[in-house]
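**Q** A structural model of the following input is requested.
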Amino acid sequence: MINGRRSVMDGSEEKFTVSTDYWTKLDDGKIRCDVCPRACKLNEGQRGMCFVRKREGDEVVLTTYGRSSGFCIDPIEKKPLNHYLPGTPVLSFGTAGCNLACKFCQNHDISKSREIHTLADQAAPQTLARAADELGCRSVAFTYNDPVIFMEYAMDVADACRERGIKAVAVSAGYINDAPRREFYDHMDAVNIDLKAFTQDFYKRLAVGDLQPVLDTLEYLEAETDVWYEITNLIIPGENDEPEELESMAEWVVEHLGVDVPIHFSAFHPDYKMKDTPRTPASTLKRARQIALDAGLRYAYVGNIHDIDGDSTYCHECGERIIERDWYELGEWNLDARGCCEFCGTPCAGVFEEESPGDWGRERQPVQLARYRDAG
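**A** Below you'll find the model as predicted:
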């Protein structure tokens, strides 16, 4: 038993199904999946919208436990997390499927996949933890597609990593119900939440979901956990780029989450079902960042464009640059061992465990896990 779940993944790592906890048997004979607000009602053999959770008999199973679309080492800044263990490498992977249906998905080849052969690699939780340890990674990230849909696998990997002193990072849209939310984030150390927009209309039309559950996740993270979290907002021209919406979002973050939550405004590029929509102008991202700062947020960034000023961290008290970033590479570093500004002594919000940051840089390194499986 793993956390109350029956794992059938054996030592050869060739079986990929586990039973799950969050489902309800309905009066009409269907079973409702209770992981996310989508509440898929399943007959025998049916899969939920996420594709990876399936009814088998009188339970719901996760069909992709232990399988991945591939593994690689990224800089932690790529998640993006600018205030969490800066400069360190993170072993990153995803699976297949998603519980939202974003027409603008930038990872649609993974998140929208309905093909098991997409999952070309495999690893038990202990194998992943061993690989991260031996590769010198400070953390493991569940990313590329949303880990809430493979939460059992992600939580077991997180537990195996914690035994080795390695942190667990989730990159998620935050679209999850209350009970699984509490269990999932109890296993995480840091998270980036993708707040796709600040209107229900956008979520309904372009993500086939709802805004409120995402806001609920953010409020839960702030009020009831010690998880470090940052927010990403992908700005799409003509859809969620109006100054009034950006101002409302920033004001909500200040009021409900506080002034120390970093927010990343990221550039859209034409993809998936929105290939006719133009790229986000750099000026739009810079304007969004300034709106956030004017609303009172202390840390606002631009992403997917080259802008050292917009991607660097400044002391909110004296205005000096304390962390310089050039894409994912760190430059000037003006924090002391306590994580305080060296110019005026004001603390910078974040998780800074070392006197100096890591030096991984912008490299992205694919990883083959066969040697770590063979290590036993």
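**Q** Just the endpoints, please. Distance across stretch 214-232?
**A** One end of stretch 214-232 sits 12 Å from the other (Cα to Cα, to the nearest Å).
**Q** Just the pLDDT for residue 139.
**A** As predicted, residue 139 sits at a pLDDT of 98.
**Q** just checking, it touches residue 79?
**A** No. At 9.3 Å, residue 139 does not count as touching residue 79 under the criterion of Cβ atoms under 8 Å. Just so you know, the C-beta spots here come from the backbone N, C-alpha and C atoms, and that holds for glycine as well.
**Q** so what sits against both of the two?
**A** 90, 169 (Cβ atoms under 8 Å, 6 or more residues apart in numbering).
**Q** Check which strands are paired with the strand ranked longest in the chain and give the direction for each one.
**A** The longest strand of the chain (DSSP state E) is strand 228-235. On the basis of DSSP bridges, the sheet neighbours of strand 228-235 come out as strand 190-194 (parallel), strand 263-267 (parallel).
**Q** Show me what the helix or strand following the last one is in contact with.
**A** Which is strand 263-267. Once the chain leaves strand 263-267, the next helix or strand it forms, by DSSP states H and E, is helix 282-295. Here helix 282-295 makes contact (Cβ under 8 Å, 6+ apart) with 233, 235, 237, 241, 243, 246-247, 250-251, 253-254, 263, 265-267, 300-303, 305, 307, 310.
**Q** who touches the nearest residue in space to residue 260 that is not next to it in sequence in this structure?
**A** Of all residues not flanking residue 260 in the chain, residue 349 sits nearest, at 3.8 Å (Cβ to Cβ, 6 or more residues apart in numbering). Going by Cβ under 8 Å, 6+ apart, residue 349 touches 83, 260, 262, 298, 299.
**Q** And residue 148, how far from residue 322?
**A** Remark: distance between residue 148 and residue 322 (Cβ to Cβ, to the nearest Å) = 33 Å.
**Q** same question but for residue 92, I mixed them up
**A** From residue 92 to residue 322 the distance is 26 Å (Cβ to Cβ).
**Q** And residue 200, by the same measure?
**A** Taking Cβ to Cβ, one finds residue 200 at 37 Å from residue 322.
**Q** List of residues touching stretch 325-341?
**A** 75, 77-78, 82, 86-87, 306, 308, 311-313, 315, 317-318, 320-324, 342-343, 346-348, 350, 352, 355-359, 361-362.
**Q** If we use 7 Å, what do you get?
**A** Stretch 325-341 has contacts (Cβ atoms under 7 Å, 6 or more residues apart in numbering) with 75, 77-78, 86-87, 306, 308, 311-312, 315, 317-318, 320-324, 342-343, 346-348, 350, 352, 355-357, 361-362.
**Q** from the chain's centre, how far out does that stretch sit?
**A** The chain centroid and the centroid of stretch 325-341 are separated by 23 Å under Cα atoms, centre = their mean, to the nearest Å.
**Q** Okay, buried residues for it please.
**A** 325, 327, 328, 330, 333, 334, 335, 339, 340, 341 (16 or more other Cβ atoms under 10 Å).
**Q** same question, stretch 214-229
**A** Quick answer for stretch 214-229 (16+ other Cβ under 10 Å): 214, 215, 216, 217, 218, 220, 221, 222, 227, 228, 229.
**Q** tell me which of those residues is nearest to residue 59?
**A** residue 217 (25.7 Å; Cβ to Cβ).
**Q** is it fair to say the closest one lies in a strand?
**A** No. Residue 217: not assigned to a strand; according to DSSP: H, G, I helix; E, B strand; the rest coil it is helix.
**Q** Quick check: the gap between the spatially closest residue to residue 222 that is not a sequence neighbour and residue 155.
**A** In space, and not counting its chain neighbours, residue 222 is closest to residue 257: 4.7 Å by Cβ to Cβ, 6+ apart. Relative to residue 155, residue 257 is positioned 24 Å away (Cβ to Cβ).
**Q** Next: residue 278.
**A** 40 Å.
**Q** Looking at those two now, which is surrounded by more residues?
**A** residue 155 (23 against 12; other Cβ atoms under 10 Å).
**Q** Can you find the helix or strand in this structure with the smallest mean pLDDT?
**A** helix 108-111 (a mean of 52; mean pLDDT, DSSP states H and E).
**Q** Can you list the helices and strands that the helix or strand following that helix packs against?
**A** Downstream of helix 108-111, the first helix or strand assigned by DSSP H and E is strand 121-122. With contacts defined as 3 or more Cβ pairs under 7 Å, 6 or more residues apart in numbering; DSSP states H and E, strand 121-122 has these neighbours: strand 67-68.
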